[in-house]
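S.K.: next input, structure requested:
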Amino acid sequence: MDLNLFFAMLGGLLVLAFIANRLVRFTGVPDVIILMFTGVLIGPVLHWIDPDIFRGATHGFGSLALMLILFEGGLDLKLREIVSHFGGGFFLALVSFLLAGVAVACVCHFAMHFEWIPALLVGAVLGCISSSIILPVLQQVSLRREVKVTLLVEASLGDALAVLAVTSLLDVAAGGHAHPKAIAWSLVSSLILSVCCGVLAGMLWSYLLPALTEERFWHVLTFAAVLLVYSGTHALKGNELVAVLVFGLTLSNLPIVRRRLHMDESPDATGWFSQASIRADRKGSVEHQHEQMLTFHGELAFLLRTFFFVLLGALVEFDGLKKNILFALGCFGALLVARWIAVEAGRPIWRDFSRREREIMVWFLPRGLITAVLGIDVLEARGDAFDFLPSLAFAVILLSNLVLLIGTFRARGMTTTEEVTADIVVESA
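M.R.: Numbering: from 1, shown residues only. Model prediction:
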């Protein structure tokens, strides 16, 4: 491809992404949908780009974008919200993933005559929602914070559940053993390790920030810290995505926690820590620095996820889609039913969620990066018997993101507490 044309295409994609992001409030269509279909248009339809050139870069773009989206989400969250809604989010992540995996496995076993282990592998690949897609959408739709935080917790844990399930099933398929207690302990220990890494890194970086904010490019250093938290937690066998989320959450909430614990009682304690308050004052308040961090990392995430979603659309293979479309429809139907059952099963937990909010939660089941990556991993591990899986994964990704449109349209108008309260009263009556 001509270098000038390549630069022109990159500039055009960024302009398109900016316009699509601004049009969300009027159209209700998430910008990720527009970006994916743009990738389909310039890739397999018009052949303006060769997707094979970028196939290896897609995983990197997606991981970087997801990392920054989660860090930004942590900066924008309050600790009280996470504590209040963690139970509901964890319940939804676990029950929705288990039901989705079993439902898809049943379709594979009874309709496609797979053995149970291969069928469960397919279910594990397709079972979790994509945090790289749903988190940007949550920033753009009109839902109450309680619903958004519940879905955020689910999305943050979903990747860990999928990776753990696929790894365990691949071990069983290779002749190993995966005891349920060992799997449960692996999940719990991974989450504990991730939270500890995120909290410790957040505390350490909070000590350094008052001095660093006096220097140029301190946002780049914070981005470097995010990368180190991600890679370090991965090296320790923890969940790197949860660690990044907790890192941002700690940076945002540690000053509030210290004040609640009466550790920062001096009237001039405006910095992250009172010992460095004079330095922090030179650059402005904590709130201003917090906004600067949100702006910088939000714009960087916007840049990376634009390229990721366009590349994801460009990698779609129409031949594979045609061969597996009926199979994909059956699997997606099973996912939709499983999602509805999981949401309805959580009604005692979400008593203050209206019927319309629970309906929107059903439609919010997009598949994305982790589904595509796990499909490729299973193919590499199990060989030609799973050569259908990448195409099946892409088909389910497209179908689930189309259905996501229903949820975003239903979310329009969910802007006031009075409307939700009226909905709950009507349902109770």
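S.K.: low-scoring pLDDT stretches of the stretch 51-200 of the chain, where are they?
M.R.: 55-56, 59, 175-180, 183 (pLDDT under 70).
S.K.: let's see it at 90
M.R.: Applying pLDDT under 90 to the stretch 51-200 of the chain flags residues 51-87, 111-113, 117, 128, 130-146, 149, 152-153, 155-192, 194-195.
S.K.: and if you look at the stretch 201-350 of the chain?
M.R.: Applying pLDDT under 90 to the stretch 201-350 of the chain flags residues 205-222, 234, 237-243, 245-246, 248-325, 349-350.
S.K.: try 70 this time
M.R.: Applying pLDDT under 70 to the stretch 201-350 of the chain flags the ranges 257-290.
S.K.: show me where the protein has strands.
M.R.: Applying DSSP state E to the chain gives no strands.
S.K.: who are the contact partners of I376?
M.R.: L389, P390 (Cβ atoms under 8 Å, 6 or more residues apart in numbering). To be clear about C-beta, it is placed using only N, CA and C from the backbone, and glycine gets the same treatment.
S.K.: name the residues that touch stretch 231-245?
M.R.: When contacts are defined by Cβ under 8 Å, 6+ apart, stretch 231-245 is touched by residues 66-67, 70-71, 73-74, 131, 156-157, 159-160, 190-191, 193-195, 197-198, 201, 226, 229-230.
S.K.: could you tell me how far that stretch lies from the centre of the chain?
M.R.: Relative to its chain's centre, stretch 231-245 lies at 15 Å (Cα atoms, centre = their mean, to the nearest Å).
S.K.: okay, buried residues for that stretch please.
M.R.: Counting neighbours by 16 or more other Cβ atoms under 10 Å, one finds that the buried residues in stretch 231-245 are T233, G238, N239, E240, L241, V242, A243, V244, L245.
S.K.: now for F247: which residues touch it?
M.R.: F71, G74, C197, G198, A201, G202, W205, A225, V226, V229.
S.K.: buried subset of the contacts of stretch 231-245, written for PyMOL?
M.R.: To isolate the buried ones among these in PyMOL, judged by 16+ other Cβ under 10 Å, type:
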select buried, resi 66+67+70+71+73+74+131+156+157+159+160+190+191+193+194+195+197+198+201+226+229+230
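S.K.: narrow the contacts of stretch 231-245 to those in helices?
M.R.: 66-67, 70-71, 73-74, 131, 156-157, 159-160, 190-191, 193-195, 197-198, 201, 226, 229-230 (DSSP state H).
S.K.: pull up the gap between the residue nearest to L164 when sequence neighbours are not counted and L94, please.
M.R.: Computed as Cβ to Cβ, 6 or more residues apart in numbering, the closest residue to L164 that is not its neighbour in sequence is L187, at 5.7 Å. For L187, the distance to L94 equals 9 Å [Cβ to Cβ, to the nearest Å].
S.K.: what touches both of the two?
M.R.: L161.
S.K.: so how far is L191 from A201?
M.R.: 16 Å.
S.K.: and for V32?
M.R.: 27 Å.
S.K.: which among the buried residues of stretch 231-245 gets closest to L405?
M.R.: Using Cβ to Cβ, the shortest approach to L405 within these belongs to L241, at 25.5 Å.
S.K.: A338 versus the closest one, what's the distance?
M.R.: 23 Å.
S.K.: ditto for L236
M.R.: 33 Å.
S.K.: among the buried residues of stretch 231-245, which two are most distant?
M.R.: Pairwise distances across these (Cβ to Cβ) peak at 12.2 Å, for the pair G238 and L245.
S.K.: can you tell me the closest non-neighbouring residue to the most centrally placed residue in the chain?
M.R.: Centroid check for the chain by Cα atoms, centre = their mean gives S131 as the closest residue, at 1.3 Å. Closest residue to S131 apart from its sequence neighbours, by Cβ to Cβ, 6+ apart: A155 at 3.7 Å.
S.K.: ok, that neighbour touching K148?
M.R.: No: under the criterion of Cβ atoms under 8 Å, A155 is not in contact with K148, lying 10.4 Å apart.
S.K.: contact partners for E359?
M.R.: R410.
S.K.: so how far is F409 from it?
M.R.: Where F409 is concerned, E359 sits at a distance of 11 Å (Cβ to Cβ).
S.K.: what is the burial count for L14?
M.R.: When neighbours are defined as other Cβ atoms under 10 Å, L14 has 14 of them.
S.K.: try the one 5 residues further on
M.R.: When neighbours are defined as other Cβ under 10 Å, I19 has 11 of them.
S.K.: pLDDT value on it, please?
M.R.: pLDDT for I19: 89.
S.K.: next one: it from F61, what distance?
M.R.: I19 sits 21 Å away from F61, going by Cβ to Cβ.
S.K.: then T295?
M.R.: For T295, the distance to F61 - Cβ to Cβ - is 21 Å.
S.K.: quick one, which of these two is more surrounded?
M.R.: Each of T295 and F61 has its neighbours counted (other Cβ under 10 Å); F61 has more, 22 against 12.
S.K.: ok, and the closest non-adjacent residue to the more buried one?
M.R.: Per Cβ to Cβ, 6+ apart, closest to F61 is F308, 4.1 Å.
S.K.: distance of the one you found relative to W48?
M.R.: Taking Cβ to Cβ as the measure, F308 falls 18 Å from W48.
S.K.: swap in V246?
M.R.: 41 Å.
S.K.: same question for L99.
M.R.: According to Cβ to Cβ, L99 stands 41 Å off from W48.
S.K.: who has more neighbours out of these two?
M.R.: A direct count of neighbours by other Cβ under 10 Å for L99 and W48 places L99 higher, at 21 against 12.
S.K.: that one contacts L336, doesn't it?
M.R.: No: look at L99 against L336 with Cβ under 8 Å: they stay out of range, at 11.0 Å.
S.K.: quick one, what contacts G87?
M.R.: I349.
S.K.: check contacts around the residue nearest to G43 when sequence neighbours are not counted.
M.R.: Among residues not flanking G43 along the chain, A314 sits closest, at 3.1 Å (Cβ to Cβ, 6+ apart). By Cβ under 8 Å, 6+ apart, A314 lies in contact with G39, V40, I42, G43, P44, I49, P51, F54.
S.K.: again, 6 Å this time
M.R.: Shown in contact with A314 (Cβ atoms under 6 Å, 6 or more residues apart in numbering): G39, G43, P51.
S.K.: by neighbour count, which of these wins?
M.R.: Within the contacts of A314, neighbour counts (other Cβ under 10 Å) peak at G39, which reaches 25 neighbours.
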